[in-house]
Structures are given as structure tokens and as C-alpha cells.
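sequence below, structure please.
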Amino acid sequence: MKFQKLIFSFIIFCTLLVVSVPHDVRAAAKKASIKKVLIKKKVTPKKVAVAKPSQPKYAASLLIASATELKLSPLESITLRLGFKNTGTASWKSREIVLLGTDGALFATSTWPTTSTPVRIADGSLTSGRLEFYDIVLTAPDAPGAYQLRTQLIADGQPVAGTTVTIPIEIVISGSNTEVSQQLLPEPRIRVSLGKVEGPTALRVSAGNYTIALLDGTPIGALSLGDKALFEYDHAGKMYLYTFSAVVTTSTQPFRLAAIDADARFVLPDKTEAATWNKSIIYNEYRGSFELRWSDKIPGIWMVNELPIELYLKGLIETGNAESAELHKSVYTAARTYAYIHLPDGKRYIDRIWDVHAVWDQYYKGYAAERVNPNGVKAVDETRGLLVTYENKPVVTPYFTRSNGMTRGWKAAWGGTDKPWLQPVIAVHDQGKKLWGHGVGMSTQDAKFRILKDNWTHEQVLTYYYTGVQLKRVYE
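All right, here's what the predicted structure looks like:
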């Protein structure tokens, strides 16, 4: 019994001992205990992944725009070029440029698939990262005023992000085609070098009537159908000689055979160049006037044929008769412009020997070319006076046979400074082919198939190969 009382007393003592521990001591112990537990249960926070924005399937960036604003004359035609790079993930199959807004339809041409779709491409595909050009042919409305052309690229029926383009266009009468057409210049004449000669040059009149005079206009005589004459230059005596009916006339000035009749022609019998495809066709008959001239600048005795520029064009061999009318018009408009810019600025013909060479510049074969290429002659007549202009000035318009899929700029071919209207362009129908020619300007082979396969007009052809140009008739 005593033992039980002893144990009970011990329990009471321990209880009193716990209760008597100071409050702050117990609180500190509790805090330490909690801290211990927290340390044991510390968990490393999980990393939360941030979702990256997905790349759109249909997106592009505008890399090329041939104009950011336009100032046109009523009814003036121009080609606007846009170049977009596919920056989306999808490859585009069908592509088209569509109009936004109402003004754009006022610039529609017959080349547009619809009045709201200036360009449509249904073949091939454009993969991600590739660049493609879109050429929009525009014809200005006849009403002056401020307009706005807004377009967007659609691929596979989907609007392509980043392809909305807005071009302000101002139509003005001042300085327009209308004003130019009311102040047409007279048709210019051009002087063509027919090449060098070493001795006397025989000449026979094959049609019409001619006068013979010195270069200063002093009359010497006349020639008519069937008459023959001889022209030569004595280098030792520095004298020109003209022989007709066994009478020799000499002068320190050159003699000039000048046509009286519009259809007058002469033959140079000693020129025996024949057509490669028909040896019976001899390139030695010419319209217009004739001179034999000594040149100190390019030493030698030169034959020079002077005639109206439209007759010169008809004497070119630059297209075959079987080619399409639109190709003839394209080539002869480029040829006319090329010849026109070689004319002297205000100089009389006496101050220069010639303007263009019959081989070095364009292939001029004279009257025989008219007979074998009547379709070319028709195209010359239908585009009479039409020139390629840039910023209202005629410009050099080189052309060549075929590219390797891309034309070249001026600097790449000939050095010097690039010309803004001679920018490299894609020649789709030349892809995979070998380059024939200098590669600058218009590829006549690609142009041929643009017309035959893509139904292009000569206006489209010229404003495509010569960037940012306008076509204007500048002389009667």
C-alpha cells in the first residue's frame, strides 16, 4: 500500500514540474520543433513551361514594290511589281492578288482574270522561304483625281498575313499622254552605217527619182530608175569623186544622193550578202538617201544610209514573219526606242557620220527585210511613234534572244551603273535553258511564250522586262 502511494506521489510531482515550466521556454521549444518539420518537408518548386507562339501557315513579307505611290496620266498604262517572300510554314499552290476597296477596279485591264483579281497563278508551288513576283498591269481611268489601289495576296484561298499593300495614285492631265499626243514631234530621220568599203562604190536606182548634191546643198545632178553611178574617196588627195555617164565630178565635200519620191530605192550591187535561209534573197537594196563618207574618228570610208526612222525599223531583221503580232509589236517598239535615243540632240547630220550601225546595234538589212517580213512591217505601222519611257524620257531598251531563267542588270553585263528600268526579272519560259545574248532587258524567247501561253499583250511584255516604264507615242 505504501508502495502505491509512493508511485502516485511521483506522478503528481512530474505533472507539477511540466506545468511549472515558463511559457516563453515552452513557446521557443515549440517554434524550434515546427522549423524542424518545415525543413524536412521543403519541396523544390516545379518549372512551368511557357508555350511558344506557333508560326502561321500563311504569312509573307513584302520585299519589293516597284512604286510606293504613282502619278499617272489619263489612260496611261503601267506595270506595278510586288515581290513577297513566303514566311509561313505552308507551301502555296494557288496564288492570287485581290483588290481591297473599290478604286482598284477602275484600273482594270483585259489582262486581269477578273475585275477584282489583277493576278492569278494556278501552277507550281511556292515553298516556305521563297520569293515570288506579281506584276499588276494598270490602265489609269480617264478622270483626273486621287485614287487608292489596295491589294492583298491570297494563297490556297487563305488571306496571307502581312501582304496588304496600299498605293496612292494621282491622275493628272498636265504632262500626261493626252498633252504629249497633242504636241507630237515630226518623225525623225536616222543615219545608218552600212559598213566600210576599200574602193569605189557602185550604185543603181531601182525605184523612184533622186537628186545628187554636195553636203552643203549645192546641186550636182539627178538620177532616175535604172541610172548607175560611182562614188569614191581619194584618201591621198582628200577628195570625193562622183561619176555618172562617164563624167567625173570632184569635191572636198561628200556627195549626197537624196530621194525625191517616197518610194525611191537604190541598190548597191557590190554588196552580196544573202539570207542564210534563202540564198536568192540579197540584202543590198535600200530606201532613203546615200552618202560615202571618210571618218577621222573611226578611220575608214563608210557607206551611210539616211531615212525616216519608221522605214529604218521596217528594214530590220529582228523577228521572223511567222511570229505573233504581239511579239512583233514588242520587239519593234523596243527597237524603235533603242534607235531613237541614239539620235543626236540638236545636231545636224553634217556634224556626225552615223547614228547606228547596221550590225553593231540592230540588224538592218534594208528593203529586202520588208519583203520577207510583212507582219513585222504591219507591227511597225500599228505602233508608229510608240516609245518606252522612264520618268517621261525615252530610255535605252536592249533585248536579246534567250536568258537562263533570269535577265541581267546593266552593271552585271557591262559594268558601270545600273539603270532603274533594267532590273533582273524572272523569265519563266527560259528556265533551264542556256543564255543566248547579253541577257539585259527583254528576252525575246521568253516574251514569245508569255504571249502564246500566257496571253500577254505587247504592253504587258514591255512593262515587265523594262521595270517602271510607260509607253508613249512621241512623234507623228
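
and Thr163, how many neighbours does it have?
Per other C-beta atoms under 10 Å, the neighbour tally for Thr163 reads 20. C-beta coordinates here come from the backbone N, C-alpha and C atoms, glycine included.

just Ser110 next, same as before
10.

that one belongs to a strand?
No: counting by DSSP: H, G, I helix; E, B strand; the rest coil, one finds Ser110 to be coil, located in no strand.

give the full set of residues in contact with it.
Neighbouring residues of Ser110 by C-beta atoms under 8 Å, 6 or more residues apart in numbering: Thr457.

how far away is it from Glu291?
Applying C-beta to C-beta, to the nearest Å, the value for Ser110 to Glu291 is 47 Å.

next: Val425.
Val425 is 41 Å from Glu291, where distance means C-beta to C-beta.

could you do Gly145 as well?
53 Å.

also Met239?
Met239 is 15 Å from Glu291, by C-beta to C-beta.

same check, this time on Asn86
Distance, Asn86 to Glu291, using C-beta to C-beta: 60 Å.

more neighbours: these two, which one.
Using other C-beta under 10 Å as the criterion, Asn86 and Glu291 rank with Asn86 on top: 24 against 21.

output the below-cut-off pLDDT ranges for this structure.
Within the chain, the segments meeting pLDDT under 70 span 1-53, 63-64, 75, 142-144, 173-183, 345-352.

that one - how does it break down into domains?
Domain assignment for the chain, taken from automatic domain parsing, gives 2-39, 60-182, 185-332+343-373, 385-476.

how about JSON lines for these, with distance to Ser54 added?
As requested, those are arranged in JSON lines below (distance: least, C-beta to C-beta, whole Å):
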{"stretch": "domain 2-39", "distance to Ser54": "42"}
{"stretch": "domain 60-182", "distance to Ser54": "9"}
{"stretch": "domain 185-332+343-373", "distance to Ser54": "47"}
{"stretch": "domain 385-476", "distance to Ser54": "32"}
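
so which of those domains comes closest to Ala379?
domain 185-332+343-373 (3.4 Å; C-beta to C-beta).

ends of the closest one, what's the gap?
End-to-end distance for domain 185-332+343-373, by C-alpha to C-alpha, to the nearest Å: 28 Å.

got it, and stretch 217-231?
With C-alpha to C-alpha applied, stretch 217-231 spans 17 Å between its terminal residues.

next one: stretch 231-241
End-to-end distance of stretch 231-241 (C-alpha to C-alpha): 6 Å.

buried ones in it?
231-233, 240-241 (16 or more other C-beta atoms under 10 Å).

ditto for stretch 287-302
287-294, 300-302.

okay, those residues in CSV with distance to Leu99 and secondary structure next?
Shown next, in CSV, are the buried residues of stretch 287-302 (distance: C-beta to C-beta, whole Å; DSSP: H, G, I helix; E, B strand; the rest coil):
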residue, distance to Leu99, secondary structure
Arg287, 49, strand
Gly288, 50, coil
Ser289, 54, strand
Phe290, 57, strand
Glu291, 57, strand
Leu292, 61, strand
Arg293, 58, strand
Trp294, 63, strand
Gly300, 60, strand
Ile301, 62, strand
Trp302, 56, strand
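
and those, which is closest to Lys393?
Gly288 (27.1 Å).

is there a neighbour count for Leu184? I'd like the number.
Leu184 has 12 neighbouring residues, counting by other C-beta under 10 Å.

next one: Gly315
By other C-beta under 10 Å, 28 other residues sit near Gly315.

residues in contact with it?
Counting by C-beta under 8 Å, 6+ apart, Gly315 makes contact with 286-287, 364-367, 369-370.

wait, which of those residues is closest to Gln470?
Closest to Gln470 out of those is Tyr364 (27.1 Å), distances taken as C-beta to C-beta.
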